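Visitor: take this sequence and fold it.
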Amino acid sequence: MALDNGNHPGTSLLTASRHEALAAASKSRYQQNGSSGAQRVDGFYAADVFNERVMRQRLPKDVFRRLMETIHLGKPLRAEIADVVAAAMKEWAIENGATHYTHWFMPLTGLTAEKHDSLTIPDGKGGTLSEFGGSALVSGEPDASSFPSGGLRATFEARGYTAWDPTSPAFLTRSDGTVTLCIPTAFVSWTGEALDKKTPLLRSMDAISHQAMRVLKLFGTDAGVSRVITTLGPEQEYFLVDRSLYFARPDLLLCERTLFGARPPKGQQLEDHYFGSISATVLAFMADVERELYRMGVPVKTRHNEVAPGQYEIAPVFETTNIACDHQMLVMETLKRVAPRHGLQALLHEKPFAGVNGSGKHNNWSLSTDTGVNLLDPREEAHTNMQFLVFLCAVIRAVDLHADLLRASIASASNDHRLGANEAPPAIISIFLGDMLTDIIDQLETGRTRRTIKGGALDLGARTLPQIPRDSGDRNRTSPFAFTGNKFEFRAVGSTQSSAWPNTVLNTIIAESLDFIATRLEKAVGARPTEAKLQNAVRSLLKEIVRRHKRVIFNGDGYSEKWHAEAAKRGLPNLKDTVEALPVLRTKKAVDLFKRYKVLSKAELESRADVFVEKFVKQVTIEAETMISMVRTMILPAALKHQTRLAQAVSAAADAGVSSPSQREMLEQFVDLVDDLREKTAALEEVTAHHDADPLRHARHIKTAVRPAMAAVRAVADELETQVASDLWPMPTYRDLLFIKG
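Guide: Purely as a prediction, here's the structure:
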């Protein structure tokens, strides 16, 4: 369900019948959402998406109705329906040039996976046989043994299953004349345990919907509402570099970040790139990306230059969370796939360049009924909107109680380089509410709400300029979790990360808070609820929640040392890196939480903890080994050539009878640098060779020994870069990478 920039439609469908409500909601989606076929681009409508518009045209009315009930109401899908849908989907795909289909899923690698099968095969008589029926649509059987499983599957336990997610539209991908039908699916083991990131996400969406419906029932606003959905609009930041320069950098090729690089004279200090004019080369790339995404139904809307040279952003309109997560993976894949056509390489790493802005994936999250009502919209008189305040306080309570789990959800080796830097929120999880909501929270603590601060208008002082409305509160770029009008922006998510896991955690912790609130209110109002009983119970409960959990609210500068000290006084966790954060997933509190709401079993949660730790170890080990290789095969040879030049110059001066102590000193200092690099590289190699059978102990070794050794090697190598002759330096510099595009 696409909701434009978080401005969720407020049209009430409460008096309509169930099927009329579904039809009206579907029509609304057609009008708003590129993925539903309403966004016209270069003369076509999302041509490569098997969406509701296409299904309405191609499916019998009864089949279409039953499928919509599965998609929107969660009703089971009958086998005979799947057969009809598969036939229509196959016909549509072949008409659009498809020769193969694949179950497209998100394993725990953090990427997507696909195995292609032919839609038809020769029958030996000059014709073809269909290989795509209802059973092929609904499930597949890829090998599960070679994907990360954290111990859920052994090598000899190979069977796994993909299961069709009918709520996420199938789409076509095109590459060099090849067209493939992609069917979004979940991925589970033979035992039924989740081996992917979609299955827990869908479970968490069910959990939060169930608990939110209990709250709506208490307020009497559940009429006509069948479920509550979480909505998402994830912004994607990325870098572009010249592709020929990219291939000249082994670190970018293997690690997607620069392991070496001296600071250039010009970086982002002039602040002239942010929202600047987009160059012709980059604009052509962006337009190409947008065309591809529109065809696949991905409703991207915004494009602009970001803070650092060579950095950009693309952002969509809101959709239902699981669809948004699928589309976000398509955004990342499309950026990567399209860039080479324009002589560019897209870098999604959180910190590809030291000393300049890193990249995030701002996770704009909200709650909406399936009738289109945004439950996090405070409306004009927010202090009287008790239902909104209940949902707001549920979020505050959830983030305070489970800040450590939320922090763990965005932990990775690559995001460690970004969190806490000048462009990213700190590792301390806090909530920014702004002046208006903070004032209402203060009023709730007293037990009464009396006013809502108004934003008013801005008079710009020139008669030709209009007065523009002023929001009731400012924004805060230093907050990791900020309220931004009618949604929360979780800014700490990393740019390489799938959105699915952070949103699984977010949905689950808020489901727990809504459960707590609904249970307390149901008990308070009893079997014969009245408006007065409900209002008194709500005020009393919200007062209690605010007093216990307001410590997580902070509207100031999240980068300041004062805040770090204040956060410690408040008792807020400060898990500074991945090695500190990931053990949270093994705590009894986390296990009980996910188990209670049937999002993850204990084994499934522990498997993710293992996978994430192992990925951290492997990723940093690859970086360390790449660094050692680059020093020995590129930097040291170049430095020795430069050293030889210096020695020859000193010798020539001496032979000519010229005494030059400064030249000799320069040579001696350079020799010392080269020797220092060799010693530090040997030390790095020694600590990298260490292995521990326990992944977490190995990760701690990486943190305490390998990463410091890498930093030491880089410091010397970067100093050498500033001294070695430019014609000898063996790789493109930051100056080249950041400013040359084609």
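
Visitor: going by C-alpha atoms from here, please, whenever you check contacts or count neighbours.
Guide: OK.

Visitor: so who does the spatially most central residue of the chain touch?
Guide: The centroid of the chain falls nearest to residue 499 when counting by Cα atoms, centre = their mean (3.5 Å). Neighbour list for residue 499: 234, 325, 328, 363, 493 [criterion: Cα atoms under 8 Å, 6 or more residues apart in numbering].

Visitor: any idea which of those residues has the most stuff around it?
Guide: Greatest neighbour count in these, by other Cα atoms under 10 Å, goes to residue 493: 31 neighbours.

Visitor: verify the stated contact: that one with residue 359.
Guide: No - Residue 493 is beyond contact range of residue 359, at 9.4 Å (criterion: Cα atoms under 8 Å).

Visitor: any regions of this protein where pLDDT drops low?
Guide: For the chain, applying pLDDT under 70 flags the ranges 1-45, 143-145, 148, 150-158, 420-425, 454-461, 463-465, 467-475, 742.

Visitor: top strand in it by residue count?
Guide: If you go by DSSP state E, the chain has its longest strand at strand 178-189.

Visitor: off-centre distance for that one?
Guide: How far strand 178-189 lies from its chain's middle: 20 Å, per Cα atoms, centre = their mean, to the nearest Å.

Visitor: what does that strand contact?
Guide: 93, 96-107, 116, 137, 144, 153, 159-166, 168-174, 194-199, 326.

Visitor: try it again at 7 Å.
Guide: 93, 97-105, 144, 159-165, 168, 170-174, 194-196, 198-199 (Cα atoms under 7 Å, 6 or more residues apart in numbering).

Visitor: take those and keep only those in helices.
Guide: 93, 198, 199 (DSSP state H).

Visitor: tell me the residue furthest from the middle of the protein?
Guide: Largest centroid distance in the chain under Cα atoms, centre = their mean is residue 657 at 65.9 Å.

Visitor: returning to that earlier point: which among the contacts of residue 499 gets closest to residue 411?
Guide: Using Cα to Cα, residue 493 is the member of those that sits closest to residue 411, with 8.5 Å.

Visitor: for stretch 534-547, list the C-alpha coordinates in CSV.
Guide: Coordinates of each C-alpha in stretch 534-547 appear next as CSV, following Å, rounded to 0.1, in the frame of the first residue of the first chain:
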residue,chain,number,x,y,z
LEU,A,534,-11.6,4.4,29.0
GLN,A,535,-10.4,8.0,29.2
ASN,A,536,-9.5,7.7,32.9
ALA,A,537,-7.6,4.4,32.3
VAL,A,538,-5.7,5.9,29.3
ARG,A,539,-4.7,9.0,31.2
SER,A,540,-3.5,6.9,34.2
LEU,A,541,-1.6,4.4,32.0
LEU,A,542,0.1,7.0,29.8
LYS,A,543,1.2,9.0,32.9
GLU,A,544,2.8,5.8,34.2
ILE,A,545,4.5,5.1,30.9
VAL,A,546,5.8,8.6,30.5
ARG,A,547,7.3,8.6,34.0
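
Visitor: next one: it to chain centre, how far?
Guide: With Cα atoms, centre = their mean, you get 34 Å for stretch 534-547.

Visitor: which residues sit against that stretch?
Guide: With Cα under 7 Å, 6+ apart, stretch 534-547 has contacts from 393, 397, 441, 444, 445, 446, 447, 521, 524, 525.
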